[in-house]
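Trainee: Sequence and predicted structure are below.
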Amino acid sequence: MKKVLGLLLGLIMVFACTAMLTSCGGSGSEEGSSDDAGIKVGFICLHDENSTYDLNFINAAKDACKELDISEENYLIKTNIPEDQQCYEAAAELVDAGCGIIFADSFGHEDYMIQAAKEFPDVQFCHSTGTRAHTEKLDNYHNAFAAIYEGRYLAGVAAGMKLNEMIEKGDITAEEAKIGYVGAYTYAEVISGYTSFFLGAREICPSATMDVTFTGSWYDEAAEKEAANKLIDGGCVLISQHADSMGAPTACEKAKVPNVSYNGSTMDACPNTFIVSSRIDWTPYYKDAITKAINKEKIDADWVGTLDTESVALTEVNENAAAEGTQAKIDEMKAKISAGEVKVFDTSKFTVTVDEKNNVNAKVDGEGHLTSYMADVDTDKDYKPDTEAVEDGQFSESKFRSAPYFDLKIDGIKLLDTKM
């Protein structure tokens, strides 16, 4: 009996030791487990999964942590954090929870992330869409964005293909190829996005024009739906948007108007009108920054993802709504962008009008093509232009900082209102 008890006791000790080793990473691979990494990660989101914008970040956060073998208990996601002091409080709570690196996803979070970075110098703070890391020069504060204008341009190519199909079928005339665009604010990020989208569309459909209206909110489903309906009633035959709800896509589905979305596919809800969507895939950035934090390496002050880093992505084309040959044309133009054969903001491809109210910091040639533009790159309270952005025949977007600074009004695009 004593031998049996002794054997049982020995087995229990073996199982106990095995469990202890497993919980400490002892039975896992030599690298990659969350405990080996020795880091906890925090994420701050403006909204929750109901926002296409925030869902895109949340999915990337989960994917990055999974690929780095960071377990669910070692990353924390705070949602519905507004662009005010509550952002700082959320960051401080994540520090208290043991996070060694913290990410925020909305432009208005920046002041509060900088405040937290100054108070907690041993924690890394990374802010997507922000503009001040290169001027604040804090070792633990960083900005990130992607060359999403490349993706917007390719989405515009898909829109141009659809416009041409509608013209060829006799549904509209060439002069009726008017796009509608629902924007959130009159920020450079939004202006850069809708302009690159328009340039992609016009590359394929030269007669295209565009009307833009703004809601004054990143997420307001009722306002976005109303804006889309206003554009449709105003003669727009295709709609796109830079706003985060399903307002515009669902309005298009109801009105049977083609839609090019943003931040993710809306095909499930809008199977008859959704064509394609461009988005930033934040997974490569999250993996890069977290890995550098683990290894005590320097994180870029301004990180810019591209098509080549797979940070600029497009969803699958919905063949039910897209024009025939759309995917092939997107692939063709994508290859040309990567090879440098196509430049999104090629100054020979658009003209601008300069007067006392518009494009006051621009210089143009006799045909209206841009020859010089002083951009506001080093953000200050007066928004003073400080950097020459035109070089080698193009406006060099996302070169002097990661966040967009293209804010020109180009010919062919009509702003119905403004919301700063």
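Mentor: Perfect, thanks for sending it.

Trainee: show me the contacts for residue 165.
Mentor: By C-beta atoms under 8 Å, 6 or more residues apart in numbering, the contact list for residue 165 reads 323, 324. Glycine gets a C-beta too; all of them are placed from N, C-alpha and C.

Trainee: That one: which element?
Mentor: Following DSSP states H and E, one finds residue 165 within helix 148-169.

Trainee: Tell me how far that helix lies from the chain's centre.
Mentor: Here helix 148-169 is found 19 Å from its chain centre; the criterion is C-alpha atoms, centre = their mean, to the nearest Å.

Trainee: try stretch 58-78
Mentor: 19 Å.

Trainee: next one: stretch 202-211
Mentor: Distance of stretch 202-211 from the chain centroid (C-alpha atoms, centre = their mean) equals 24 Å.

Trainee: Kindly report the same for stretch 290-307.
Mentor: 17 Å.

Trainee: So for it, mean pLDDT?
Mentor: Averaging pLDDT along stretch 290-307 yields 96.

Trainee: Same check on stretch 409-420?
Mentor: The pLDDT scores in stretch 409-420 average 93.

Trainee: Just the buried residues of that stretch, please?
Mentor: For stretch 409-420, burial by neighbour count (16 or more other C-beta atoms under 10 Å) applies to 409, 410, 412, 413, 415.

Trainee: And stretch 356-373, by the same measure?
Mentor: For stretch 356-373, the neighbour count (16+ other C-beta under 10 Å) marks 359, 362, 364, 369, 370, 373 as buried.

Trainee: swap in stretch 278-292?
Mentor: 278-290, 292.

Trainee: Now distance to residue 317 and secondary structure too, for those residues, in TSV please.
Mentor: As requested, those are exported to TSV (distance: C-beta to C-beta, whole Å; DSSP: H, G, I helix; E, B strand; the rest coil):
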residue	distance to residue 317	secondary structure
278	12	strand
279	14	strand
280	19	strand
281	17	coil
282	22	coil
283	22	helix
284	23	helix
285	25	helix
286	27	helix
287	27	helix
288	29	helix
289	31	helix
290	32	helix
292	35	helix
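
Trainee: Residue 73: which of those is nearest?
Mentor: Closest approach between the buried residues of stretch 278-292 and residue 73, by C-beta to C-beta: residue 290, at 15.7 Å.

Trainee: Can you pull out the low-pLDDT segments for this structure?
Mentor: Across the chain, the ranges flagged by pLDDT under 70 are 1-37.

Trainee: Can you give me the domain assignment for it?
Mentor: Listed domain ranges for the chain are 34-147+282-305, 148-278+315-345+403-415 (source: automatic domain parsing).

Trainee: just the helices in the stretch 51-200 of the chain please.
Mentor: All helices of the stretch 51-200 of the chain, identified by DSSP state H, counting those that start in this stretch, fall at 52-67, 85-96, 110-119, 133-136, 148-169, 188-204.

Trainee: can you pull the alpha-carbon coordinates of the longest one into CSV?
Mentor: Once non-C-alpha atoms are left out, helix 148-169 reads as follows in CSV (Å, rounded to 0.1, in the frame of the first residue of the first chain):
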residue,chain,number,x,y,z
ILE,A,148,-2.8,54.8,-48.0
TYR,A,149,-3.1,57.3,-50.9
GLU,A,150,-1.7,54.4,-53.0
GLY,A,151,-4.6,52.2,-52.0
ARG,A,152,-7.1,55.1,-52.4
TYR,A,153,-5.7,55.6,-55.9
LEU,A,154,-6.2,51.9,-56.8
ALA,A,155,-9.7,52.0,-55.3
GLY,A,156,-10.3,55.0,-57.6
VAL,A,157,-9.1,52.9,-60.6
ALA,A,158,-11.9,50.5,-59.7
ALA,A,159,-14.4,53.4,-59.6
GLY,A,160,-13.2,54.6,-63.0
MET,A,161,-13.7,51.2,-64.5
LYS,A,162,-17.3,51.2,-63.2
LEU,A,163,-18.0,54.7,-64.6
ASN,A,164,-16.7,53.6,-68.0
GLU,A,165,-18.9,50.5,-67.9
MET,A,166,-21.9,52.7,-67.1
ILE,A,167,-21.1,55.0,-69.9
GLU,A,168,-20.6,52.1,-72.4
LYS,A,169,-23.9,50.7,-71.4
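
Trainee: and it, which residues are buried?
Mentor: 148-167.

Trainee: what's the angle from it to helix 188-204?
Mentor: Using axes from the mean of the first three to the mean of the last three C-alpha atoms, to 10 degrees, the direction of helix 148-169 lies 40 degrees away from that of helix 188-204.

Trainee: ditto for the third one
Mentor: Comparing the axes of helix 110-119 and helix 188-204 via the same axes, to 10 degrees yields an angle of 130 degrees.

Trainee: buried sites along helix 110-119?
Mentor: Neighbour-count burial for helix 110-119 flags 110, 112, 113, 114, 115, 116, 117 (criterion: 16+ other C-beta under 10 Å).

Trainee: For stretch 52-63, which residues meet the burial criterion?
Mentor: The neighbour-count check on stretch 52-63 (16+ other C-beta under 10 Å) flags 52, 53, 54, 55, 56, 57, 58, 59, 60, 61, 62 as buried.

Trainee: next one: stretch 61-77
Mentor: In stretch 61-77, counting by 16+ other C-beta under 10 Å, buried: 61, 62, 64, 65, 68, 69, 70, 74, 75, 76, 77.
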